[in-house]
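**Student:** with the sequence up front, the predicted model follows.
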Amino acid sequence: MHDRRTSFRITPTAPDAAAGAGIPKRTPASEVPPVLRSFPAADALEWYVSARPQVLGFLAEHQYGFIPPRPETIRIVQVGRRRNLCDGRVHRRTYQLTLENAGRSFTFQAAVYSPADVPVKAAVASLNFYTLDRIDNEPERYPLALLAGSGIKLATISHNDLFPDRPTAEARKNSIYSLYGNISGRDRRFTAISAWAFGYQLLYELLQTPRERFGGPVWAQGHSRLGKTALWAVANDPRFAGVVSNQSGCGGAAIYRDKGGEDIDRIVARFPYWFVPELDKYRFRENELPWDQNWLMACIAPRPLLVTSATEDAWACPENEFLAAKLAGEVYRLFGVRGIAANAKFPAPDRPLFTPGIGYYVRTGRHTVLREDWRHIIDFMKLNGMDLK
C-alpha cells in the first residue's frame, strides 16, 4: 500500500526567535515556507504533472499517511428509501456498500438525500459524526430542505464506519485497513484521516452509480476533523470539483506556526491515530517544519477552495486559517486564478471574502456548522460556476 513513497530533502525553515516570553504572535506570511520554493514549477502543467505529486507524497509521509487503494470490488446495493422528508421535498435512499479485496470484505451503509421536485445541479459528499437516521433531523448541520431547494444532493457516510474514532488498537484493526491484510493495531502509518479520506472517494463512486448519476459536479465538505479529511481527500482526488473546510484548524486549514489554541503537541497527544508518527517530531517545534498547511491547500488548485472559521473557535485559530488560504494563492495563480490578494486583511465577522478559486469567512459564533454556513457555501458555489437556485 505504500509503494508511492519518495525521499525528499528540504531545508527546514529557521526557528522564529521573536516568538517567546509567552506572547502570542501571528506568523508573518514571509516566515511560512512557500510550496513553490521547495517544489518549483514554472507553470500550471509543471505543477500538476511534477510538483504536485511530490508534495502529496511528502505530506503523506510526514503527516497524513497514504490513502488506501481502491479494493478489487465495490458492491453497492440500495436497501432503503424514504420519500417524506422535509414535507416531501427530499428523498433519501440508503445503500449498503460491500468492499472486497483478497478474500476479505468490509460492509457499511451510506445515504443520499436528493431534491424531490428540483433538478439536481450539484452534489456534496460529506462524512458525518452521526448515525444515518440522525441526519434526517439535523436542520443546522445538514439543512436538507435548503440544499434540496438549491438543487444540491447530499451523500454521506458516518466516519466511525470507516475507522472508529478512538485511540485504540482495536479501532485500527477494525477499520477499512483490514481489507488489505493483517495490520498491527498500533501501527500509526495507517491513519484515521486517510481512512476517512477514502470514505470521500467512496461517496464519489456512489454518486456515479446509475441511480445517483446526474452529470454535474461533486464537491466535498467536512467539519472539524472531517474538514481536515475533506482537504486531504480532495487534494488527492482530482475528480472532486471543489472543497469546503469548516473550522478544520490544526492539521487542517490552519498554519501551524505560532498558532493559537490547539498545536501539534496537543493534537498528537490526544489523537495520535489521526497522523503518522513523523509529525510527532515537531511537537513544540512548529517553526522548524519544512512545510505548512498552505502546501495542502495548494494541491487543490485550481479547483474552488472555501475555508471557514468561527469567532468563538480560538482553538482552531481563524487568523491562521485565513493565512493558509491566502498563501495557497501562489499555486492558484499559476492557473490564472487570482485567489485572495496577498495584501488582503483578515475580514470582519460575517463578511465573506470570496474570490473565484479561494474563499474565506469567519462567522460569529461557536465551533459547529449552521444553516448560515450552508448559505455561504451555496453562494460560493454559485460564484464558482454552479447553476444553483
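**Tutor:** Noted; the coordinates are in hand.
**Student:** contacts and neighbour counts: CA atoms only from here.
**Tutor:** Noted.
**Student:** and for Gln247, the neighbour number?
**Tutor:** When neighbours are counted by other Cα atoms under 10 Å, Gln247 registers 31.
**Student:** oh, that last question was meant for Ile67, not what I typed.
**Tutor:** 24.
**Student:** how about Tyr142?
**Tutor:** Tyr142: 19 neighbours (other Cα under 10 Å).
**Student:** could we number from 564 for the rest of this?
**Tutor:** That works, and once the first residue is 564, the last one we named lands at Tyr705.
**Student:** pull up the per-residue confidence for it.
**Tutor:** For Tyr705, the pLDDT comes out at 96.
**Student:** would you confirm that Tyr705 contacts Tyr693?
**Tutor:** No. Counting by Cα atoms under 8 Å, Tyr705 sits too far from Tyr693 to count as a contact (11.3 Å).
**Student:** mind jotting down where the helices sit in the stretch 614-763 of the chain?
**Tutor:** Applying DSSP state H, counting those that start in this stretch to the stretch 614-763 of the chain gives helices spanning 615-622, 695-698, 707-712, 732-736, 755-769.
**Student:** wait, Phe671 sits on Gln659?
**Tutor:** Yes. Judged on Cα under 8 Å, Phe671 makes contact with Gln659 at a distance of 5.8 Å.
**Student:** just to revisit the earlier point, which of the helices of the stretch 614-763 of the chain comes out lowest on mean pLDDT?
**Tutor:** For the helices of the stretch 614-763 of the chain, mean pLDDT drops lowest on helix 695-698, to a mean of 84.
**Student:** what's in contact with it?
**Tutor:** Helix 695-698 is contacted from outside by Ala673, Ala674, Tyr705, Ile720, Ser721, using Cα atoms under 8 Å, 6 or more residues apart in numbering.
**Student:** pull out the buried residues from it.
**Tutor:** Using 16 or more other Cα atoms under 10 Å as the test for burial, helix 695-698 gives Leu695, Ile698.
**Student:** what are the bridge partners for Thr636, then?
**Tutor:** Note on Thr636: beta-bridge partners Glu663, judged by DSSP bridges.
**Student:** which residues touch it?
**Tutor:** Applying Cα under 8 Å, 6+ apart, the residues near Thr636 are Leu662, Glu663, Asn664.
**Student:** my read is that the last one contacts Pro634, right?
**Tutor:** Yes. Using Cα under 8 Å, Asn664 makes contact with Pro634 at a distance of 5.2 Å.
**Student:** identify the contacts common to those two.
**Tutor:** Contacts common to Asn664 and Pro634, judged by Cα under 8 Å, 6+ apart, are Leu742.
**Student:** count of neighbours near Ser713?
**Tutor:** Using other Cα under 10 Å, Ser713 has 20 neighbouring residues.
**Student:** for Glu775, that is, sorry about that
**Tutor:** Using other Cα under 10 Å, Glu775 is surrounded by 16 other residues.
**Student:** distance of the residue nearest to it when sequence neighbours are not counted from Leu933?
**Tutor:** Once flanking residues are discounted, Glu775 sits nearest to Leu769: 7.2 Å by Cα to Cα, 6 or more residues apart in numbering. To Leu933, Leu769 is 26 Å away according to Cα to Cα, to the nearest Å.
**Student:** cool, and Pro706?
**Tutor:** Taking Cα to Cα, one finds Pro706 at 8 Å from Leu933.
**Student:** what do you get for Thr772?
**Tutor:** Note on Thr772: its distance to Leu933, by Cα to Cα, is 30 Å.
**Student:** so for those two, which sits in the more crowded spot?
**Tutor:** More neighbours surround Leu933 than the other of Thr772 and Leu933, with 17 against 11 (other Cα under 10 Å).
**Student:** quick one: that one and Leu709 touch, right?
**Tutor:** No. Assessed by Cα under 8 Å, Leu933 is found out of contact with Leu709, at 11.7 Å.
**Student:** let me see the backbone angles for the residue nearest the centre of the chain.
**Tutor:** Central residue of the chain (Cα atoms, centre = their mean): Ala793, 1.8 Å from the mean position. Geometry field for Ala793 lists phi and psi as phi -60, psi -40, criterion degrees, to the nearest 10.
**Student:** the nearest residue to it once chain neighbours are set aside: neighbouring residues, count only.
**Tutor:** Spatial nearest neighbour of Ala793, excluding adjacent residues (Cα to Cα, 6+ apart): Gly785 at 5.5 Å. Using other Cα under 10 Å, Gly785 is surrounded by 24 other residues.
**Student:** quick one, phi/psi of Gly785?
**Tutor:** In terms of degrees, to the nearest 10, the main-chain angles of Gly785 are phi -150, psi 150.
**Student:** ok, it touching Gly812?
**Tutor:** No. Counting by Cα under 8 Å, Gly785 does not reach Gly812; the two are 11.9 Å apart.
**Student:** any idea how far Val640 is from the residue nearest to Ile639 when sequence neighbours are not counted?
**Tutor:** Nearest in space to Ile639, with sequence neighbours left out and distances taken as Cα to Cα, 6+ apart, is Leu660 at 4.7 Å. Between Leu660 and Val640 the computed distance is 7 Å (Cα to Cα).
**Student:** and Pro730, by the same measure?
**Tutor:** 32 Å.
**Student:** more neighbours: which of those two?
**Tutor:** Ranked by neighbour count (other Cα under 10 Å), Pro730 and Val640 place Pro730 first, with 16 against 13.
**Student:** isn't that one right next to Tyr836, touching?
**Tutor:** Yes. Taking contacts as Cα under 8 Å, Pro730 lies within contact range of Tyr836: 5.9 Å.
**Student:** tell me which stretches of the chain form strands.
**Tutor:** Here the chain has its strands, by DSSP state E, at 636-648, 653-664, 667-678, 685-691, 715-721, 781-786, 805-809, 868-873, 916-917, 921-926.
**Student:** of the contacts of Thr636 - the most surrounded one?
**Tutor:** That'd be Leu662 among the contacts of Thr636, by other Cα under 10 Å, with 20 neighbours.
**Student:** wait, that residue sits on Arg633?
**Tutor:** No. Assessed by Cα under 8 Å, Leu662 is found out of contact with Arg633, at 9.1 Å.
**Student:** now do the same for Ala584: its pLDDT.
**Tutor:** At Ala584, the model reports a pLDDT of 30.
**Student:** nothing else from me, thank you.
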